[in-house]
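In: Turn this into a structure:
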Amino acid sequence: MPKFGFPDDAWERAKDEARTILIGVARDQRTIAYSDLCRQIRAIALDPHSYAMRAFLGEISTAEHFRNRGLLSAVVTYKHGDQQPGPGFFELARSLGYKVHDETEFWIEQVRTVYQTWLSDA
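Out: Numbers count the residues shown, from 1 in each chain. As a prediction, the model looks like this:
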């Protein structure tokens, strides 16, 4: 069954592409804007402001969480404004059982976890 109108195989290829991009971002100890990530994904055309994007990143981070590697989507942020992840990131974290009292503090902690994970797995 297609996800958000995308064939399952294309959705999975896009997740693989995104995961590879995000690991590279983490290894470089930087962040990437939602729009910049979307531009680099070739398998499907995602709108950075869509619910599909939220679900897409949620699937990637959920898989990483269950591998004890933190929430990989922590490195995906708004290009302008606070330059932090959107509300979907924090909603996902809470749904996975993380205690998020201060969103900025939690986000910084997750970014550090992801950076450390991918530096040591380089």
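In: which helix is the longest one in the chain?
Out: The helix that spans the most residues within the chain, counting by DSSP state H, is helix 8-27.
In: what packs against whichever helix or strand comes after that helix?
Out: Counting by DSSP states H and E, the next helix or strand C-terminal to helix 8-27 is strand 32-33. Based on contacts counted as 3 or more C-beta pairs under 8 Å, 6 or more residues apart in numbering; DSSP states H and E, the elements that strand 32-33 packs against are helix 8-27, strand 76-77. Yep, even glycine has a C-beta here, placed from its N, CA and C like the rest.
In: for this structure, what spans make up the helices?
Out: Residue ranges of the helices in the chain, as given by DSSP H, are 8-27, 34-40, 51-65, 87-95, 103-120.
In: can you list contacts of the shortest one?
Out: The contact list for helix 34-40, computed with C-beta atoms under 8 Å, 6 or more residues apart in numbering, reads 17-18, 21-22, 45-49, 53, 76-79, 86.
In: Tell me the confidence at the residue sitting nearest the centre point of the chain?
Out: Computing the C-alpha centroid of the chain and ranking residues by C-alpha atoms, centre = their mean puts Ser73 first, at 2.0 Å. Looking at Ser73, its pLDDT stands at 98.
In: just the one 4 residues further on next, same as before
Out: Thr77 carries a pLDDT score of 97 in this model.
In: Any idea how many residues pack against it?
Out: Counted by other C-beta atoms under 10 Å, the residues lying close to Thr77 total 22.
In: now swap in Gly24 and tell me
Out: Gly24 has 14 neighbouring residues, counting by other C-beta under 10 Å.
In: Identify the residues contacting it.
Out: Listed by C-beta under 8 Å, 6+ apart, the contact set of Gly24 is empty.
In: can you list the weak-confidence ranges in this structure?
Out: With pLDDT under 70 as the threshold, the chain has low-confidence stretches at 1, 121-122.
In: circling back: list the contacts for the residue nearest to the centre of the chain?
Out: Neighbouring residues of Ser73 by C-beta under 8 Å, 6+ apart: Leu22, Leu57, Gly58, Ile60, Ser61, Pro85, Phe89, Leu92.
In: can you rerun that using 6 Å?
Out: Contact criterion C-beta atoms under 6 Å, 6 or more residues apart in numbering gives Leu57, Ser61, Phe89 as the residues in contact with Ser73.
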